[in-house]
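# Take a look and give me a structure for this.
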Amino acid sequence: MRRRSRIIAAGALVSVAALAISLAVVLGGAEGTQFPDLAAQVRDTFTSALTAWETDGYGSPGTVENNVPPPLPTAAERAQQKEAGYADAERYFDPSLAAQLKDRVDRSATLQQDPNQRVLGAGIENLDIESVRFDDSGSSATIVATYTHWANSAQQTPGTGLWTVFTPSNDVRVTVTMERQSSGDWVVTDYLGEFINGTGP
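Next comes the predicted model:
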């Protein structure tokens, strides 16, 4: 199953702790000779963009203990999540992809007002950047990476008061194109992902 973007309705900003990253770089047409200074910048920006893509719109970390869910986010907390998600969208993605991320964050803000739903955070693990390749001008880079994405949520069964927790986890391979802007920043202009290792819905 291949997709240009991965959109799941949920909720906002989650800080992801340690990411195990291994990097293999093929620079332009000749290995190790072109644009060495750009490789680290592209890698770091890609990691930040991927983290935003896979965690913004998935709520704040939380758990259901003894059938008691965490409280719903306040209006101020939802506004903060939205502000952070919008900032990530505008910093790391072109207008088309940014609009998709903003839409997810908006839908999350609505979902997080439902007393029968909880959006309990998301994250990425085992990130392996397999390759970074530049075009001849050094203005475009293609990154191939694999990682594990997890997202937690909970739902209350109507009429019973019982909460069910969902903890899906999928392995993903992505091919991402990034373009260097006149400011020197890099933004994602294309995102192609697929589930691997027999995971996915």
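# for the residue positioned nearest the centre of the chain, what are its contacts?
By CA atoms, centre = their mean, the mean C-alpha position of the chain lies nearest to residue 54, the distance being 1.8 Å. Counting by CB atoms under 8 Å, 6 or more residues apart in numbering, residue 54 touches 6, 122-124, 149. (C-beta placed from N, C-alpha, C; glycine too.)
# Take the residues you listed and lay them out in a markdown table including secondary structure, neighbour count and pLDDT.
Shown next, in a markdown table, are those (DSSP: H, G, I helix; E, B strand; the rest coil; neighbours: other CB atoms under 10 Å; pLDDT from 0 to 100):
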| residue | secondary structure | neighbour count | pLDDT |
| --- | --- | --- | --- |
| 6 | coil | 16 | 36 |
| 122 | strand | 24 | 95 |
| 123 | strand | 21 | 95 |
| 124 | strand | 20 | 96 |
| 149 | strand | 24 | 97 |
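# from those residues, which is closest to residue 174?
residue 6 (8.9 Å; CB to CB).
# Tell me the first helix or strand C-terminal of the longest helix along the chain.
What stands out as the longest helix in the chain, according to DSSP state H, is helix 36-55. Later in the chain than helix 36-55, the nearest helix or strand by DSSP states H and E is helix 75-92.
# C-terminal to that next one, what's the next element?
Heading C-terminal from helix 75-92 (DSSP H and E), you reach helix 95-111.
# between that next one and helix 75-92, how many degrees?
170 degrees (axes from the mean of the first three to the mean of the last three CA atoms, to 10 degrees).
# quick one: contacts for the residue nearest to residue 53 when sequence neighbours are not counted?
Sequence neighbours aside, residue 101 is the residue nearest to residue 53 in space, at 6.6 Å (criterion: CB to CB, 6 or more residues apart in numbering). Neighbour list for residue 101: 52-53, 56-57, 85, 88-89, 93 [criterion: CB under 8 Å, 6+ apart].
# Go again with 7 Å.
53, 56-57, 85, 88-89, 93 (CB atoms under 7 Å, 6 or more residues apart in numbering).
# give me the element residue 125 is part of.
Assigned by DSSP H and E, residue 125 falls in strand 117-134.
# Which elements pack onto that strand?
Secondary-structure packing of strand 117-134 (3 or more CB pairs under 7 Å, 6 or more residues apart in numbering; DSSP states H and E): strand 23-26, helix 36-55, helix 95-111, strand 140-156.
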